[in-house]
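Undergrad: Quick one, structure for this:
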Amino acid sequence: MVSCNPPYAFDRLDAALALAGIGAAALGCPLPAAVAATGASLAAKRILHSSSPPVLKEPTAAPPQQKEPLSCSFWKYLGAALLAAAVAAALFFVCPPLGIALAALSGWLLCTAILMLLNHWSQDSETDLAKGIRWTHAMVLECNSAVLAGLLFPATLFPSYHKPTGIPDGRPILMVNGYLSFGSTWHFMRKRLAEAGHGPIYTMNIGSFDSISKYAAEVQAQVKRIQEETGRSDIAFVCHSKGGLVASHYATRMAEEDGIEVTDVITIGSPLAGTPIAKLGLGKDARQMEPNHRFNEKLRDHIAKKPEIRFFHIASETDEVVPLNSAILGANPKRQKIFKDVGHLGLVFSSKAADQVDAWLRDC
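TA: Alright, predicted model coming up:
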C-alpha cells in the first residue's frame, strides 16, 4: 500500500508548527504562516486517518529519469525578489509602509527561489533531509498557487474569459476545475497547451456543494455546445481534483448516449478512491469524495469497463489533500506521472505537469 503520510517523521511537530506559525503570522511573517497552515492540515489529516482510502494496487514505479534541469521559475523568482528589494529600498524613506510590504514580499520570493534551488539539488536523494526539502518546497509553492488562484478569480466571472483558445480546428479539450475552485485556475496550463498547438481549449466553472452527477450534467450541456460550435464529436478532458470525478462520470455514463467520443481523460490530483480530508468539506460532493463511498467504487468499476477511453493520472507524493494511492488507477506507467515536490493546487500551476499533459495529448 502506498502511504498517504509524509515519508519522514513529522509526527510530533504538527502542533508545534501550527502554534509557532500562528504566532509568527500574527507578527506579519509570511513563511511561518504558511508552515502553520500546513501543520494544521497535517494534524487534521492524521485525525481523519482512520477513514483512509481503500487499498488500491500500488502504482508501478516509473523508470529512472535523468536529473531535471533547474527550472526557469527559479530565475523568475530570484529576479522578482531582487526587483522588489530595489523598489522597497527606494520607497522606504518616501512611504515606509509600502517599502516594508515590498521588503516582506522580496523576502518571500527569495525564500521561494532558495527552496527551488535546494529542491533541485535534492532530486536524486531519498534521505529524510531531501524529502523534507521537497515537502517544504511543495508547501511554499502551494501558498503561492493559492495567491495566484485568488488573483485570477475575477477573470472567471466574465464569460469572454472562457472562450476557446489554441488552434480552432483541432480536437476540442475541456478543462474541468475542482472543489472550491474555478475555471480561471487553468490560466497558465491553458496558455501553455495553446502555445503547444492544442485546441480549441475550453474552460468552465464547476461549482461546489451539489452532487457530482449534477455537475456531470453541466459538463454534458457544455460538451453539446462545444459540439455545435466545432462540428466535432470527439473531445478530451483535462481535470483537477473533483473535476476528474465529474469528467469520468460523464465520460463513462453519459457521453455515449449523446454520440460523443471521449478520447482521453487526464486527471490531476483527483480522489478516485476518495480522500480523508473530504470529511471536513461541505455538500453532497464532499460526501461522495469520502473514502469507501459507494460513488467512488461505482466510478472505478465504470472506468474499468471503458478501455476505449484513455485514462491518464498525475499525482504527487507531497499532495496533502489527495493521497497518492487514490490519485492513481491501474498499473500502466505510461499513463501515470508521479511528482515528488508539488502540492495539490500547485499541480495546476506546474510547468512539469503541463508538459506531461501536452505529451499525452500529442500521443493519440
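Undergrad: ranges for the helices of the protein?
TA: Under the criterion DSSP state H, helices of the chain are mapped to 14-26, 30-47, 72-91, 96-121, 128-152, 187-195, 212-230, 242-253, 284-288, 294-304, 324-327, 346-349, 351-362.
Undergrad: who wins for proximity to residue 172 among those?
TA: Nearest to residue 172, of all the helices of the chain, is helix 212-230, at 5.1 Å by C-beta to C-beta. C-beta here means a position set from N, CA and C on the backbone, and glycine is covered the same way.
Undergrad: thinking again about what came up before, turn the helices of the chain into TSV, including distance to residue 261 and mean pLDDT.
TA: Formatted as TSV, the helices of the chain follow (distance: least, C-beta to C-beta, whole Å; pLDDT from 0 to 100):
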stretch	distance to residue 261	mean pLDDT
helix 14-26	47	41
helix 30-47	39	48
helix 72-91	37	90
helix 96-121	40	92
helix 128-152	31	92
helix 187-195	20	95
helix 212-230	10	97
helix 242-253	10	97
helix 284-288	26	96
helix 294-304	16	94
helix 324-327	25	94
helix 346-349	26	96
helix 351-362	15	95
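Undergrad: Can you give me the buried ones in stretch 89-108?
TA: Under the neighbour-count criterion of 16 or more other C-beta atoms under 10 Å, stretch 89-108 has 91, 99, 102, 103, 104, 105, 106, 107, 108 buried.
Undergrad: Next one: the fifth one relative to residue 277, how far apart?
TA: Same thing as residue 104. For residue 104, the distance to residue 277 (C-beta to C-beta, to the nearest Å) stands at 30 Å.
Undergrad: cool, the last one as well?
TA: Summarising the geometry, the distance separating residue 108 from residue 277, computed by C-beta to C-beta, is 26 Å.
Undergrad: got it, and the first one?
TA: When C-beta to C-beta is applied, the distance between residue 91 and residue 277 equals 41 Å.
Undergrad: between the helices of the chain, which one is nearest to residue 318?
TA: Of all the helices of the chain, helix 128-152 sits nearest to residue 318, with 3.7 Å by C-beta to C-beta.
Undergrad: Return the two entries of the buried residues of stretch 89-108 that lie farthest from one another.
TA: The most widely separated members of the buried residues of stretch 89-108, counting by C-beta to C-beta, are 91 and 108 (17.1 Å).
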